[in-house]
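**Student:** sequence and predicted structure, then a few things I'm wondering about:
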Amino acid sequence: SSIKNALVSPDSQALLYSLIRLQQPKLAVEIGTYMASTTEAMACAISENGCGLLHTVDPFSVRGYLRIARWPRALRKVTKFHLRNSMSYFAKMKRRALRADIVFVDGNHDHEFALFDIPSAAQMMNPNGFIVIDNIAQPGPFLATRQFMERHGSRGWRECGSSLSQFREPFDRDRTTIHNTDFCILRAPAYIAIGSEPVSFGILEWTIEKKLLLRLQGGRAGRLHVQFIARFYENPPREIIRSVTVEFDDRKDVVVDIPDLATSDLVVRRTLEMWFRWEGDRELCLHDLPSIH
């Protein structure tokens with residue numbers, strides 16, 4: 001029944017359903033709810049998996065919300081509707097250090113919006129996760145996807161298919177290589193990478209932790225630069241920035257002392273944002289996200 005109000009093909013919904021069933025995501029995200037038709041197909045897959053959640057995001061889709069409210073309880077239980085724009089949603093996701101395994105990008109198809117949604121989804125993606133981009137025949141999503149891959153393809157991201165390399169005509173309506181869809185599917189690398197360009201993995205709530213732990217995927221020789229941005233929500237609020245550099249050779253785990261950023265009031269809310277930059281022959285590959293202890 002989910003296909004009745006859909007703007008995508010039955011094959012498109014079937015692909016998303018199958019991908020969720022196979023991937024078993026803890027969190028799947030849909031940018032662009034509209035009438036909640038494809039949302040329903042994704043929610044069915046998560047419900048049948050017996051685990052995981054679906055977040056669907058749309059600042060305008062009140063009708064989609066009302067349709068979700070009439071779903072069976074099993075589907076409503078695994079679905080959370082966010083009546084907000086994608087920028088607000090991704091900011092909240094980053095603040096809560098949430099990670100996704102599948103993101104379906106089907107929001108505003110203007111180039112500038114797609115160029116925000118795709119990298120934002122990538123920044124929140126778990127290793128080996130998928131970004132499914134709809135309306136790849138339209139110049140906005142196509143050019144945004146191509147720009148993303150031009151920058152990140154060398155960092156382990158890859159396309160499932162050849163829509164980007166095979167077709168160069170901006171108005172090509174048959175660009176996709178995924179049958180009977182208008183999709184381009186990108187897959188995240190199997191590791192978390194730190195390279196020469198600064199990267200952050202989100203803002204963490206911070207109390208008394210003193211150590212930063214990085215679990216490496218294989219030894220690396222080089223120099224790691226870490227910038228710590230501590231924010232203290234006092235009256236007035238304070239922000240302290242410190243940087244450290246760590247040199248190491250062929251280590252599996254790296255422990256970095258967090259600089260002395262303490263505040264006299266332990267009750268006040270404190271957050272810690274960390275930025276990383278690596279100097280070495282190859283990227284620094286991590287098993288999982290940096291953590292503080």
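**Tutor:** Cool, got the structure.

**Student:** all contacts plus neighbour counts: C-alpha atoms, from now on.
**Tutor:** Fine.

**Student:** so what touches stretch 217-237?
**Tutor:** 191, 238-252, 258-259, 261, 263, 268-282, 284-287 (C-alpha atoms under 8 Å, 6 or more residues apart in numbering).

**Student:** report the buried members of these.
**Tutor:** 191, 258, 261, 270-279, 284-287 (16 or more other C-alpha atoms under 10 Å).

**Student:** just those: which are in strands?
**Tutor:** Mapping the buried ones among the contacts of stretch 217-237 onto strands (DSSP state E) picks out 270-279, 284-286.

**Student:** buried residues of the helix or strand containing Ile229, list them for me.
**Tutor:** Per DSSP states H and E, Ile229 falls inside strand 221-232. Neighbour counts over strand 221-232 (16+ other C-alpha under 10 Å) mark 222-232 as buried.

**Student:** equivalent analysis for stretch 15-35, please.
**Tutor:** 15-17, 19-21, 24-25, 27-35.

**Student:** swap in stretch 106-119?
**Tutor:** Applying a neighbour-count criterion of 16+ other C-alpha under 10 Å, one finds 106-109, 111, 113-115, 117-119 buried in stretch 106-119.

**Student:** cool, stretch 55-62 as well?
**Tutor:** Neighbour counts using 16+ other C-alpha under 10 Å place 55-59, 61 of stretch 55-62 among the buried residues.

**Student:** among the residues you listed, which ones are in strands?
**Tutor:** Short answer: the buried residues of stretch 55-62 in strands (DSSP E) are 55-57.

**Student:** pick the one among the residues you listed closest to Ser291.
**Tutor:** His55 (24.9 Å; C-alpha to C-alpha).

**Student:** and that closest one, what does it touch?
**Tutor:** Contacts of His55 by C-alpha under 8 Å, 6+ apart are 27-30, 79-82.

**Student:** among those residues, which ones are in strands?
**Tutor:** 27-30, 79-82.

**Student:** how about these in a markdown table, adding distance to Arg96 and pLDDT?
**Tutor:** Shown next, in a markdown table, are those (distance: C-alpha to C-alpha, whole Å; pLDDT from 0 to 100):
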| residue | distance to Arg96 | pLDDT |
| --- | --- | --- |
| Leu27 | 13 | 98 |
| Ala28 | 16 | 98 |
| Val29 | 15 | 98 |
| Glu30 | 18 | 98 |
| Thr79 | 18 | 98 |
| Lys80 | 15 | 97 |
| Phe81 | 17 | 97 |
| His82 | 15 | 97 |
